[in-house]
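> could you look at this predicted model? Sequence included:
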Amino acid sequence: MRNIFLHPVLLIAAAASALSCAEYYDPQDAPSLSQKKEVAFPVTVTRDGQQIPQAAITKGGMVDEGDKIATMDKSLPVGLVGVDFKTGAILLDNQMVSYHDGMYRGHFDSGLWDIPTTVSLSAYYPRVNHLSYGEDNKTYSIPFGETETDAGPLVSKTVQCAVDQLNLVPLEFQHITNDIGFKICDVTSDPALQGLVHLKKLTANCVASAGVFVNDMEFGYGFWHRRGYYRDEVVFEGDARVGVGMDNEKFVGRDALVARMADSYRFYAIPDELEMGKQYVEVVFDIDDFIHNNFHYEALKDQKVKYMLYGVLPDNKMAYGKQYTFHLGLDVGKIYNQITFAPSVSDWETKIYENNDEF
């Protein structure tokens, strides 16, 4: 995965004390003290080897100070899967790991510590209610709906270890969705036609929004399956004058154009294969009236243009775990050169960067 994304690491430590509580402790239903053990999950998040403060990990949100970070909403639990490496038996079936008292914690049957063979451990975030398992339980499938994908799901690589050595087991998470945003500017070369554009609305159409992620616990990779759920994502709605030139290009926010990525509006999407005529960006804009070559051009209202995404990305595929910022530029001169007195819209210029550190 590219270094623009963070790699959360869960450090699993067997707590020194044993607690008699299940996922939600009720003293009246408590088993004996010997039946449960608490496992604590202190979370460390790093970016290029530098640790991110704990406050940033649990604050929620999607963007922090211009950098994309793998925030984990502390109100959403992690799901943990454990499989006996030798027999294929499921030892931890979608075990809930919740955040409380400063870290993530789960409560597991103490009998787990008596397993003599190696266990394969894998975690994902946010947790869903039900998983399904593949042949010999070497894979598990997570049915992520639109609510879960909006949270920016993470899935860990598999760690294999002896259960009696659960003192320190790192689980490294990977992003499995894309983070998408836009920048826009006026690229008109004729000074008399510059600075006339007002962005009114920007919508990303046919965004893949739900599906099933299959995580392979044996080979350490996963893939999305049955991508058949789509939505239209309204990124911007308002009235914002578009800056002239690349030096004045700005990020697109909810109702304003902003200089910082931290203030922009970005959304998560399931990586998709781009098809001809399917996924596109629709932009609605106004153009102020102006005088050019002694002719007065009336203002244009609610002009629309559709920008097809097919042909923009290599092989027309979005790789999961990447952050995409699409750059849109509008040339007013080309609009008015098409037909005198009856202007049409054409020739949007675009480019895409995958590494937002360049901004």
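Thanks, I have the structure now. The structure presented is a predicted model; accordingly, all values stated were derived computationally and were not measured. Residues are numbered from 1 along each chain as shown.

> walk me through the domains of the chain.
Segmentation of the chain into domains, based on automatic domain parsing, reads 7-24+34-175, 178-358.

> now mean pLDDT too, for those domains, in a markdown table please.
Shown next, in a markdown table, are those (pLDDT from 0 to 100):
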| stretch | mean pLDDT |
| --- | --- |
| domain 7-24+34-175 | 68 |
| domain 178-358 | 83 |
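
> quick one: the helices in the stretch 201-350 of the chain?
Secondary structure of the stretch 201-350 of the chain by DSSP state H, counting those that start in this stretch: the helices cover 332-338.

> using TSV, lay out the domains of the chain together with mean neighbour count.
No exception for glycine: its C-beta is placed from N, CA and C like everyone else's. Listed next are those as TSV, based on neighbours: other Cβ atoms under 10 Å:
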stretch	mean neighbour count
domain 7-24+34-175	17
domain 178-358	17
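
> ranges for the strands of the stretch 51-200 of the chain?
Secondary structure of the stretch 51-200 of the chain by DSSP state E, counting those that start in this stretch: the strands cover 63-64, 67-68, 78-84, 90-100, 103-109, 118-125, 132-133, 139-144, 154-156, 159-162, 169-175, 178-186, 197-216.

> and these: which comes nearest Gly228?
Nearest to Gly228 among the strands of the stretch 51-200 of the chain is strand 197-216 (7.3 Å), distances taken as Cβ to Cβ.

> name whatever forms a beta bridge with Arg105.
Here Arg105 shows beta-bridge partners Ala40, Ser98, assigned using DSSP bridges.

> related to what we said a few turns ago, would you list the strands of the stretch 51-200 of the chain in TSV and tack on distance to Gly333?
Listed next are the strands of the stretch 51-200 of the chain as TSV, based on distance: least, Cβ to Cβ, whole Å:
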stretch	distance to Gly333
strand 63-64	34
strand 67-68	35
strand 78-84	53
strand 90-100	55
strand 103-109	56
strand 118-125	49
strand 132-133	56
strand 139-144	45
strand 154-156	46
strand 159-162	58
strand 169-175	40
strand 178-186	10
strand 197-216	12
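
> wait, which of these is closest to Asn248?
Using Cβ to Cβ, the nearest of these to Asn248 is strand 178-186, at 5.9 Å.

> CA atoms only: put that closest one into CSV for me.
Presented in CSV, the C-alpha positions along strand 178-186 are these (Å, rounded to 0.1, in the frame of the first residue of the first chain):
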residue,chain,number,x,y,z
ASN,A,178,-10.5,4.7,-1.8
ASP,A,179,-10.6,8.2,-0.4
ILE,A,180,-11.8,10.6,-3.2
GLY,A,181,-11.8,14.4,-3.5
PHE,A,182,-11.6,17.1,-6.2
LYS,A,183,-9.7,20.3,-7.0
ILE,A,184,-10.8,22.8,-9.6
CYS,A,185,-9.6,25.9,-11.4
ASP,A,186,-10.2,28.2,-14.4
